[in-house]
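In: With the sequence up front, the predicted model follows.
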Amino acid sequence: MHLDQLGAGLGLCGIVAARLGASRVILTDGDSDTLTRMRTNVAASARPLLPECRQLIWQPRPNNTKNETSRNEYLHRFLAQSNISNGVPLILGADICYMEESLEPLWNTMDHLLSKEAGGQVWLAYTFRNVAMDSIVEQAQEYGFVCQQTPSGGTTEGVYVFVRRQRLTMAATK
């Protein structure tokens, strides 16, 4: 299983995924200082197959002007440089939704990174930090994702599983 962790911070989730047998793990964060600490932690995990640590800055959807198209070009370059041009089947995100203004760039980035094939998933660990889960689900829906699994026990905090909504082809609509 290949996976990408957005906003990986110190890298714990990705290190655990690699130890549990993920064949390739890419840990990403936008902050250079955090990346330095993440790389130190990954090196200390002493696994034969270490997670990759890469800087990734979430990109908002371009507004179709020439200057704005570079945002998606940045994401396409990231995919090519990471040798994942078809995307990854699983994206992990833990405690990354704490600013309302980051939701649109987050979902645009996940839309580009997640494999376009059926079965691609986003696992999002959520704890309330200034952003309501309803806002997160609404933004996900704008990018064609549907929330398939929610925490149990009457709480909004926990792990949510999002999948890409199946897109109808022209043949399927006839």
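Out: That came through, no problem.

In: lowest average confidence, helix or strand, in the chain?
Out: The weakest-scoring helix or strand in the chain, judged by mean pLDDT, DSSP states H and E, is helix 170-173 (a mean of 41).

In: just for this structure, where's the confidence low?
Out: Residue ranges of the chain with pLDDT under 70: 46, 64-69, 166-174.

In: where exactly do the strands run in it?
Out: Ranges of strands in the chain, per DSSP state E, are 2-6, 24-29, 52-55, 90-94, 121-126, 145-149, 158-164.

In: So which of those strands is nearest D134?
Out: strand 145-149 (10.5 Å; Cβ to Cβ). All C-beta spots, glycine's among them, are computed from the backbone N, C-alpha and C.

In: measure stretch 19-35 end to end?
Out: Its start and end residues considered, stretch 19-35 measures 20 Å (Cα to Cα, to the nearest Å).

In: what's that stretch in contact with?
Out: Contact with stretch 19-35 is made by 1-11, 14-15, 17-18, 38, 42, 45, 47, 49, 51-58, 82, 84, 88, as judged by Cβ atoms under 8 Å, 6 or more residues apart in numbering.

In: burial count for A17?
Out: A17: 20 surrounding residues under other Cβ atoms under 10 Å.

In: The one 5 residues further on too?
Out: A22 is surrounded by 17 other residues when neighbours are defined as other Cβ under 10 Å.

In: Dihedrals phi and psi, it?
Out: phi -60, psi 130 (degrees, to the nearest 10).

In: Could you do Y143 as well?
Out: Main-chain torsions, Y143, degrees, to the nearest 10: phi -100, psi 10.

In: just checking, it touches D111?
Out: Yes - between Y143 and D111 a contact is recorded at 4.6 Å, counting by Cβ atoms under 8 Å.

In: can you pull the contacts of the nearest residue to S85 once chain neighbours are set aside?
Out: Excluding the flanking residues, the one nearest S85 by Cβ to Cβ, 6 or more residues apart in numbering is L79, at 5.3 Å. By Cβ under 8 Å, 6+ apart, the contact set of L79 is S85, G87, H112, L113.

In: And the contacts of stretch 19-35, which of them are buried?
Out: By neighbour count, with 16 or more other Cβ atoms under 10 Å, those hold 2-9, 11, 14-15, 17-18, 38, 42, 51-54, 56, 58, 82, 84, 88 as buried.

In: okay but V137 is in contact with T150, surely?
Out: No - assessed by Cβ under 8 Å, V137 is found out of contact with T150, at 9.2 Å.

In: Quickly list what's touching both of the two.
Out: By Cβ under 8 Å, 6+ apart, V137 and T150 have no common neighbours.
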